[in-house]
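S.K.: Give me a 3D structure for the following:
(one chain, ligands or ions: 1)
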Amino acid sequence: MSKIVLITGASSGLGQAMAEFLVQKNFKVYGTSRQPKTSTKNGVILKALDVTKSESIESCIQEIISESEKIDILINNAGVGITGPLEEIPIEKAKTHFDTNFFGTITVINTVLPYMRANKQGLIINITSIAAHMGLPFRGFYSASKAALATITEAYRMELKTFNIQMTNLAPGDFATNIAQGRFHAPLKKDSAYHDNYKLSLDLMDADVDKGNDPIILAKAVYRIINQSSPKVNYKSGAFLQCFSVTLKHILPQKLFEKILLKHYKL
Ligand SMILES: NC(=O)c1ccc[n+]([C@@H]2O[C@H](COP(=O)([O-])OP(=O)(O)OC[C@H]3O[C@@H](n4cnc5c(N)ncnc54)[C@H](OP(=O)(O)O)[C@@H]3O)[C@@H](O)[C@H]2O)c1
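M.R.: Down below sits the predicted model:
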């Protein structure tokens, strides 16, 4: 019997690439969207799920369990971006951001866990970001939401050890997807004290995503993790320098690393 995979946010970008790649590898793949346009696409079974609505999560997972009896692998990929000067982002927007990237993901995990426990095994892959490993200027809330997810994964792993349920983080660098269009952008205000620096960083961020890697690279990284008997806590996938920046953060003096980031963002 094929393994059952659930991928949140599979309507575009990385989620879609992973879902379609795993179908080719003979997994039975459920992918989600807040509003799926069709019931299947390229072999992926599409279900409605909004990570910010617990009743939507519950009914999606119930449907999968009644059709397929179990979920072997959960990939928490649904996520959004947020940019802006930390001082100017309305706190309600920041909370909404955390509702999607952090609390929404936790709700999906906690809804799936009883079924994995009953099945005496499971693998959960949380899609974080290289930005989780460092606070990036004008992307502070994004870094923080992904860092929160990466850190709670460490705690989950230890709590879940006795149930044979494994959890890991996969941190992508920049990949060419729709993420920039779906982001909340704090407006660039002419009279803002941050205007010039924010504009420079915004242009650079959008250019980085546009010239980002092909999502198939991340799909292959997910497949390699699935084939590990005992996955590590953290994986990275992306351009060499972006992945290497995480290593540099750990080995360089903090202020030197900060200088490198400031130079990169022309600040
Ligand atoms: N692209 C990159 O460079 C990059 C880098 C690091 C990390 N990531 C992470 O990778 C993941 C995928 O991003 P992507 O780049 O592929 O962006 P994307 O193309 O914009 O895809 C985002 C996915 O998340 C879903 N989604 C958004 N809000 C949701 C909600 N409230 N409930 C359920 N699903 C929701 C969207 O589905 P619907 O709109 O159809 O509901 C869509 O399928 C995200 O977690 C992102 O933070 C991306």
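S.K.: ok, how many other residues are close to residue 124?
M.R.: Residues lying near residue 124 (other CB atoms under 10 Å) number 26. Glycine gets a C-beta too; all of them are placed from N, C-alpha and C.
S.K.: Next, it: secondary structure please.
M.R.: Counting by DSSP: H, G, I helix; E, B strand; the rest coil, the backbone at residue 124 sits in strand.
S.K.: Next one: it from residue 6, what distance?
M.R.: Remark: distance between residue 124 and residue 6 (CB to CB, to the nearest Å) = 10 Å.
S.K.: Would you mind pulling up the elements that the strand or helix carrying residue 207 packs against?
M.R.: Assigned by DSSP states H and E, residue 207 belongs to helix 195-210. Secondary-structure packing of helix 195-210 (3 or more CB pairs under 8 Å, 6 or more residues apart in numbering; DSSP states H and E): strand 82-83, helix 179-182.
S.K.: sorry, back to before: give me the common contacts of residue 124 and residue 6.
M.R.: Common contacts of residue 124 and residue 6 (CB atoms under 8 Å, 6 or more residues apart in numbering): 73-75, 112.
S.K.: Using the three-state scheme, assign the residue nearest to residue 215 when sequence neighbours are not counted.
M.R.: Nearest in space to residue 215, with sequence neighbours left out and distances taken as CB to CB, 6 or more residues apart in numbering, is residue 17 at 3.5 Å. Per three-state DSSP, the secondary structure class of residue 17 is helix.
S.K.: sorry, back to before: out of the helices and strands packed on helix 195-210, which is closest to the ligand?
M.R.: Closest of the helices and strands packed on helix 195-210 to the ligand is helix 179-182, at 3.6 Å (criterion: CB to the nearest ligand atom).
S.K.: Enumerate the residues of the stretch 51-200 of the chain near the ligand.
M.R.: Applying CB under 6 Å from any ligand atom, one finds that the stretch 51-200 of the chain approaches the ligand through 51-52, 77-80, 100, 104, 127, 129, 172, 174-175, 177-179, 182.
S.K.: Residue 110: neighbour count?
M.R.: Residues within reach of residue 110, counting by other CB under 10 Å, total 12.
S.K.: Please disregard the earlier target; I meant residue 182.
M.R.: 13.
S.K.: Same question for residue 92.
M.R.: The number of residues packed near residue 92 is 8, by other CB under 10 Å.
S.K.: Kindly report the same for residue 95.
M.R.: Burial of residue 95 is recorded as 11 neighbouring residues (other CB under 10 Å).
S.K.: where does the residue in the stretch 51-200 of the chain positioned nearest to the ligand land in three-state SS?
M.R.: Taking CB to the nearest ligand atom as the measure, the point where the stretch 51-200 of the chain comes nearest the ligand is residue 79, at 2.1 Å. Classification of residue 79 by three-state DSSP places it in coil.
S.K.: Quick check, the residue nearest to residue 215 in contact with residue 216.
M.R.: Yes - between residue 17 and residue 216 a contact is recorded at 5.6 Å, counting by CB atoms under 8 Å.
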